[in-house]
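Enquirer: Quick one: sequence plus predicted model below, questions after.
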Amino acid sequence: MFPLFRFVPSPILRRLSAIRTIRRAYAALLPGDARIVDHGRAGLKLFIVPRKNKAEWAAGGFKRYEPEQVACFEKLIHPGDCIFDVGANVGFYAIWFSRLAVAGRVVAFEPDPANVELLRRNLELNKVCNVAVEPCAVSDYAGERRFAVDSATGSTGTLESHQTYGSRLEGGPQMFATVRTTTLDEAAREYGYPALMKIDVEGHELAVLKGARQVLGSPCLRALAVEVSNASTRTSVYALLREHGFQLRDIERNYAEAGERCYALLAARQELTP
């Protein structure tokens, strides 16, 4: 099916997509199996499920996906870097990182089984050989935890809540799964210390950072980008990163100093200018 809203102006599309009835009606018209869309970078392609990845399908791909973060990573990544992608989803960043760090390695952590399946398919589709997939969640201890699965959009699964944002937006029952957890310090012992990390864990960012104290203290780590979506732990996240010598900047405001409403946070060593 042709992406219905590709030519609808963004403000109108946002208003329409906020209406649950319209979202659910549109979703019912979309294919429920995986289809290929344009990644938007370096000739890459991605499998997505249109019924879940509605926004990307409506836009005809990922060409306009998180442009500020994309520009930031382009400036930071070196060809030989080791990169940790925490919350890799279906692989938009992991696959692109693999091209930027062509002589390095990417470790992609993703606990949602449906996303992991698509992630592996996308690695194969793009003939990626330098990405290791860890099908687990990242936290402050290794073991098992209950994971709230976002069966509506596949993008907001979390260890933090009894209901995902996607499920609240779409309605319907909330699904759960028991997933394996690890820490970034454990991962560093297996894969080596990263030069860069991307963390998108739907409110669990403080726990992830608490399990990464050795990584944060390593001189190998130049920068990390963190989605700060848990307002109750934002102050603690800032304090922990500053304790390890990072300067905090707002990616979406052209690297201005991070404030209380910062959502996309760049933590960089103070001598580093993106």
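Expert: Perfect, thanks for sending it.
Enquirer: Tell me how many other residues surround Ala25.
Expert: Neighbourhood size, Ala25 [other Cβ atoms under 10 Å]: 10. To be clear about C-beta, it is placed using only N, CA and C from the backbone, and glycine gets the same treatment.
Enquirer: Now it: which helix or strand?
Expert: Here Ala25, judged by DSSP states H and E, is contained in helix 20-29.
Enquirer: do the same with Val116
Expert: Going by DSSP H and E, Val116 is part of helix 113-125.
Enquirer: Following element in sequence after that helix, please.
Expert: Defined by DSSP H and E, the subsequent element after helix 113-125 is strand 131-134.
Enquirer: tell me what the helix or strand just after that following strand is packed against?
Expert: For strand 131-134, the succeeding helix or strand toward the C-terminus, using DSSP H and E, is strand 137-138. When contacts are defined as 3 or more Cβ pairs under 8 Å, 6 or more residues apart in numbering; DSSP states H and E, strand 137-138 sits against strand 175-182.
Enquirer: The strand it packs on packs against which elements?
Expert: Short answer (3+ Cβ pairs under 8 Å, 6+ apart): strand 175-182 packs on strand 137-138, strand 143-149.
Enquirer: and among those strands, the most buried is which?
Expert: strand 137-138 (a mean of 28; mean count of other Cβ atoms under 10 Å).
Enquirer: What are the contacting residues of it?
Expert: Outside strand 137-138, the residues within contact range by Cβ atoms under 8 Å, 6 or more residues apart in numbering are 86-87, 109, 111, 145, 147, 159, 179-184, 187, 199, 201, 204, 208, 211.
Enquirer: How about the contacts made by Glu134?
Expert: Val107, Ala108, Phe109, Glu110, Thr182, Ala187.
Enquirer: ah, wrong one, I meant Ala264
Expert: Taking Cβ under 8 Å, 6+ apart, one finds Glu66, Glu68, Gln69, Ala225, Val226, Glu227, Val228, Asp250, Ile251, Glu252 in contact with Ala264.
Enquirer: For the residue lying closest to Lys63 once chain neighbours are set aside, give me the backbone phi and psi.
Expert: Spatially, and ignoring its direct neighbours in sequence, Lys63 is nearest to Gly40 (3.9 Å; Cβ to Cβ, 6 or more residues apart in numbering). Torsion angles at Gly40 (phi, psi; degrees, to the nearest 10) stand at phi 100, psi -10.
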